[in-house]
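K.L.:
all I have is the shape, not the residue letters:
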């Protein structure tokens, strides 16, 4: 899996989901030090996800200005063939596990509900870096590098 384009992103998605699962489960089962560790760990994973979301969104904006037709569904949920089936399966499965664990442990640790933002952000980062998107309708990719006049026509 690491040899795939963006394989490290997939590994990080599973690794952070596994870390979250272990910490949240130990907290939910009442293991004493984890009642203090779990909220901070979940909050830290959420803060990391914010940076990843901003990075993924920024890359998507750049790709969109270059003519790729990117929607929220294709960027974060890898729909419409944006990613190979195996990549989509892994990234969405990690997201699913994080959602289930977050919902199952929210009573003992309310911050656990924030953590699924990380695998979703990692899916967006994979998609923004390696995803395949169709060209935007009516967009001339060849003309984007030409300087424009104020009326929109290319300068000569």
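P.N.:
Noted; the coordinates are in hand. None of the values given here were measured: they were computed from a predicted structure.
K.L.:
only C-alpha atoms for contact and neighbour calcs from this point on.
P.N.:
Will do.
K.L.:
in which helix or strand does residue 94 reside?
P.N.:
Using DSSP states H and E, residue 94 falls within helix 85-105.
K.L.:
ok, and for that helix, which residues are buried?
P.N.:
Using 16 or more other CA atoms under 10 Å as the test for burial, helix 85-105 gives 87-88, 90-92, 94-99, 101-105.
K.L.:
distance from that helix to the middle of the chain?
P.N.:
Relative to the centre of its chain, helix 85-105 is centred 12 Å away, using CA atoms, centre = their mean, to the nearest Å.
K.L.:
just the mean pLDDT for that helix, thanks.
P.N.:
For helix 85-105, mean pLDDT is 97.
K.L.:
cool, and stretch 57-74?
P.N.:
Averaging pLDDT along stretch 57-74 gives 92.
K.L.:
that one: how far from the chain's middle?
P.N.:
Chain-centre distance of stretch 57-74: 13 Å, with CA atoms, centre = their mean.
K.L.:
and that stretch, how far apart are its ends?
P.N.:
Stretch 57-74 has an end-to-end distance of 12 Å (CA to CA, to the nearest Å).
K.L.:
so which bits of it are buried?
P.N.:
Buried-residue list, stretch 57-74, by 16+ other CA under 10 Å: 57, 59-60, 63-64, 66-70, 74.
K.L.:
ok, stretch 7-18 next?
P.N.:
Buried residues in stretch 7-18, counted by 16+ other CA under 10 Å: 9-14, 16-17.
K.L.:
identify the farthest-apart pair in the buried residues of stretch 57-74.
P.N.:
Maximum pairwise distance among the buried residues of stretch 57-74 (CA to CA): 16.5 Å, between 66 and 74.
K.L.:
before we move on, what SS does the residue nearest to the spatial centre of the chain have?
P.N.:
In the chain, the residue lying closest to the centroid (CA atoms, centre = their mean) is residue 121, at 2.1 Å. Secondary structure for residue 121, judged by DSSP: H, G, I helix; E, B strand; the rest coil, is helix.
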